[in-house]
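J.: only the shape, not the letters, is given here:
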């Protein structure tokens, strides 16, 4: 008799339950589930804490727990399938190095937001304590508001007005009294130089060429001594400058026309771009050359007529205090296309002509020396003797007298060393030693020898103006610097860099309407900042300062048709207070901080001394120094704004813009 369906079903269920309850089946099932779980976890989390040497096979078999345990160390997770990376975002390059690491001329500088003008002249906020490193330890520095100096310091130049040092050295009656004697460390300027009572914002250029406020320069000595020579006159509340001079009987313009007619090859504004006027008076020679595309650096000592340079700078003419004494002037060899002396009061033939040899060092090969003085045209015996001595000296240093007419004599320097080498053996003055560096002049004594010209012709072969402004000069290759093969690229890149930045300043900050006339670039490099201002028609001149601690790029700056000077910012600059409208410093403070030679506050006090009331300071520097600079600026009573560079808020540099407000 066959079992019923119900009985069969019941029997099957009972058998299945018995299998499930069997111990081996439970173990195998548990191991299988565990294996699937491990594989799933490793697949989902490839960076699991399992050793990277573990690998798992995609297939598996049921094994004993001991076998699983033994194999665990031999397997590793299945690698996760990687997704293809997203395509790179293509944008404009903002660096000066291309993807191969080579210097690139084609790069972009970030732009300024014109809306930033709304906050341009606002305060940045409260004062803060700043951090500086001293002997490896972090210390806090706080600057209290600087006091105002005594009234007697309103025209103070610390390194040229060091009365204590002059008395100590007993220098009265010597030209040495007029050279640099800087205060000892700790005795420098620690206060704000006051302005004269009634000081007014300077008359803008070009009106300032012909008139300035008496209240800004309340000194009448020049009017009293030189009034009869048509230099300067006082009319009501202004000084006026008729354009005359000791030898400018019919005015500076007529005088310049005469020079051009005597030697047409001088070609003002083309062959002659950079000139030096020695003993400049109130700088009318340089003032009228500006309209002929010639930049003239006017120099004079801080002597009994000590305010000559102050008048020149107030007029808006390039000038600085300097004296021919016992040291080289602070300009490179072959700097000037023309050097001028009109009754400058210098005896060029004394001490075997050592002062004229310094002129020879600074004069460009093929350049001209113009001398307007009584020995040229007067027939008195003693004056004619001076003329003969001058003729003899210039012949021995191989200068050619190209023209003598009326009260003007013009010589030309040779283009190479051939004349020097053809002189008789033992001829005086001798040639300088070949190891003498004519571009070494920071506290360097005068040399009683003729400076050799480079055998390769460097310095003599500059282009005419304005081509020379952007053409890399040959002397670029002789500068001592780290770069060897990329110098021209660096030169061009710097020019492009500053052109784009200044273009944004002109557009966003309306620089053309801010009446900047006297401008200083405190860390000039190759002069790209000054070149950009010229290209963008900002009507100003720039004093390019090369710090002594950096590569001497001044020869390149002069070859470009610009002017400049070497200086150590741990000392004061040879200019009067209130003489610059704009001070520009890019990377200066972080560079000086690395020297550990002078305080940042000393440099900023010097900037305040040089800056005209109503003037502006632009500082581009590392964020590591910005907090301290803001603190000092507040103590100096400047009104400042801190903003990002064009590279954005996360860039390592910031821009600090400060105004020295009129009281």
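T.: Done, it's in. Source: prediction; values computed, not measured.
J.: enumerate every residue touching the closest residue to residue 618 other than its chain neighbours.
T.: Spatial nearest neighbour of residue 618, excluding adjacent residues (Cβ to Cβ, 6 or more residues apart in numbering): residue 584 at 5.0 Å. The C-beta positions use only the backbone N, C-alpha and C, and glycine is treated the same way. Counting by Cβ atoms under 8 Å, 6 or more residues apart in numbering, residue 584 makes contact with 519-522, 529, 617-618.
J.: what strand or helix carries residue 584?
T.: Residue 584 is located in strand 580-586, with elements delineated by DSSP states H and E.
J.: average pLDDT for the longest strand seen in the chain, rounded please.
T.: What stands out as the longest strand in the chain, according to DSSP state E, is strand 611-622. Mean per-residue pLDDT for strand 611-622: 97.
J.: next secondary structure element downstream of that strand?
T.: helix 623-635.
J.: what helix or strand is the closest residue in space to residue 270 that isn't next to it in sequence on?
T.: With Cβ to Cβ, 6+ apart as the criterion, residue 270 has its nearest non-adjacent residue at 4.8 Å, and that residue is residue 464. If you go by DSSP H and E, residue 464 is not part of any helix or strand.
J.: with residue 458 instead?
T.: Assessed by DSSP H and E, residue 458 sits outside every helix and strand.
J.: test my guess that it contacts residue 452.
T.: No: in this structure residue 458 lies outside contact range of residue 452 using Cβ atoms under 8 Å: 11.9 Å.
J.: looking at the contacts of residue 584, spot the one nearest residue 341.
T.: Residue 341 lies nearest to residue 520 out of those, by Cβ to Cβ, at 25.9 Å.
J.: wait, the closest one sits on residue 581?
T.: No: using Cβ under 8 Å, residue 520 is not in contact with residue 581, being 9.2 Å away.
J.: tell me, how many residues neighbour residue 647?
T.: A count of nearby residues for residue 647, using other Cβ atoms under 10 Å, gives 13.
J.: just residue 457 next, same as before
T.: Residue 457: 12 neighbours (other Cβ under 10 Å).
J.: so what's it up against?
T.: Here residue 457 is in contact with 365, 415-416, 474 (criterion: Cβ under 8 Å, 6+ apart).
J.: which one of those residues sits closest to residue 554?
T.: Checking the contacts of residue 457 against residue 554 with Cβ to Cβ, the nearest one is residue 474 at 15.2 Å.
J.: so residue 494, which state does it fall into?
T.: Look at residue 494: counting by DSSP: H, G, I helix; E, B strand; the rest coil, its state is helix.
J.: can you get me a residue count around it?
T.: Neighbours around residue 494, by other Cβ under 10 Å: 19.
J.: quick check: it vs residue 550, distance?
T.: 14 Å (Cβ to Cβ, to the nearest Å).
J.: likewise for residue 541?
T.: Residue 541 sits 22 Å away from residue 550, taking Cβ to Cβ as the criterion.
J.: which one's more surrounded, the two?
T.: residue 541 (24 against 15).
J.: pLDDT below threshold where in the chain?
T.: 1-141, 171-174, 227-228, 304, 306 (pLDDT under 70).
J.: ok so, going back, just checking: what are the partner strands of the longest strand of the chain?
T.: Here strand 611-622 is paired, per DSSP bridges, with strand 580-586 (parallel), strand 653-659 (antiparallel).
J.: returning to that earlier point: ok, and the most crowded of the contacts of residue 457?
T.: residue 365 leads the contacts of residue 457 on contacts (other Cβ under 10 Å) with 20 neighbours.
J.: which residues are contacting stretch 344-351?
T.: So stretch 344-351 is in contact with 278-279, 324, 355-356, 359, 371, 373, 386, 389-390, 393, 448, going by Cβ under 8 Å, 6+ apart.
J.: hang on, I meant stretch 252-260
T.: By Cβ under 8 Å, 6+ apart, the list of residues contacting stretch 252-260 from outside reads 243-245, 247-248, 266-268, 284-285, 287-289, 292, 370, 405-406, 408, 410.
J.: if we can go back for a sec, in strands, which of the contacts of residue 457 fall?
T.: residue 365.
J.: what would the contacts of residue 457 look like in a markdown table with distance to residue 222?
T.: Output for the contacts of residue 457, formatted as a markdown table (distance: Cβ to Cβ, whole Å):
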| residue | distance to residue 222 |
| --- | --- |
| 365 | 36 |
| 415 | 40 |
| 416 | 43 |
| 474 | 43 |
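J.: closest to residue 203 among the contacts of residue 457?
T.: Within the contacts of residue 457, proximity to residue 203 (Cβ to Cβ) peaks at residue 365, which comes in at 39.7 Å.
J.: which residue is the nearest non-sequential neighbour of the closest one?
T.: residue 460 (3.6 Å).
J.: same question for residue 463.
T.: Spatially, and ignoring its direct neighbours in sequence, residue 463 is nearest to residue 471 (5.1 Å; Cβ to Cβ, 6+ apart).
J.: quick check: the one you found touching residue 461?
T.: No: in this structure, residue 471 is not within contact of residue 461 by Cβ under 8 Å, at 10.8 Å.
J.: between those two, which one's more packed in?
T.: Legend: neighbour count by other Cβ under 10 Å for residue 471 and residue 461, higher for residue 471 (17 against 14).
J.: surely that one forms part of a strand?
T.: No: counting by three-state DSSP, residue 471 is located in no strand; its state is coil.
J.: number the chain from 489, please
T.: Sure thing, new numbering starts at 489, so read that last one as residue 959.
J.: quick one, phi psi at it?
T.: Per-residue torsions, residue 959: phi -90, psi 120 (degrees, to the nearest 10).
J.: where exactly do the helices run in the stretch 989-1138 of the chain?
T.: In the stretch 989-1138 of the chain, the helices defined using DSSP state H, counting those that start in this stretch lie at 1016-1023, 1042-1047, 1076-1083, 1088-1098, 1111-1123.
J.: try the stretch 639-788 of the chain
T.: Counting by DSSP H, counting those that start in this stretch, the helices of the stretch 639-788 of the chain are 651-657, 709-714, 740-750, 772-777.
J.: highest mean neighbour count out of the ones you listed?
T.: helix 772-777 (a mean of 26; mean count of other Cβ atoms under 10 Å).
J.: ok, the residue nearest to residue 758 - how many residues close by?
T.: Should you count by other Cβ under 10 Å, residue 952 turns out to have 14 residues around it.
J.: also the one 4 residues further on?
T.: A count of nearby residues for residue 956, using other Cβ under 10 Å, gives 18.
J.: same thing with residue 1144?
T.: Neighbour number of residue 1144 under other Cβ under 10 Å is 22.
J.: nearest spatial neighbour of residue 685, skipping sequence neighbours?
T.: Closest to residue 685 by Cβ to Cβ, 6+ apart is residue 703, at 7.5 Å.
J.: isn't the residue nearest to residue 853 right up against residue 821?
T.: No: counting by Cβ under 8 Å, residue 948 sits too far from residue 821 to count as a contact (11.4 Å).
J.: which of those two has more neighbours?
T.: Set residue 948 next to residue 821 and count neighbours by other Cβ under 10 Å: residue 821 wins out with 25 against 18.
J.: helix, strand or coil: sort out the more buried one for me.
T.: Going by three-state DSSP: residue 821 is coil.
J.: and residue 856, by the same measure?
T.: Note that with three-state DSSP, the state of residue 856 is strand.
J.: all strands for the stretch 589-738 of the chain, in order.
T.: 618-622, 625-629, 699-701, 721-723, 726-728 (DSSP state E, counting those that start in this stretch).
J.: are there helices or strands packed against the last one, and which ones?
T.: Translated: strand 726-728. strand 699-701, strand 721-723 (3 or more Cβ pairs under 8 Å, 6 or more residues apart in numbering; DSSP states H and E).
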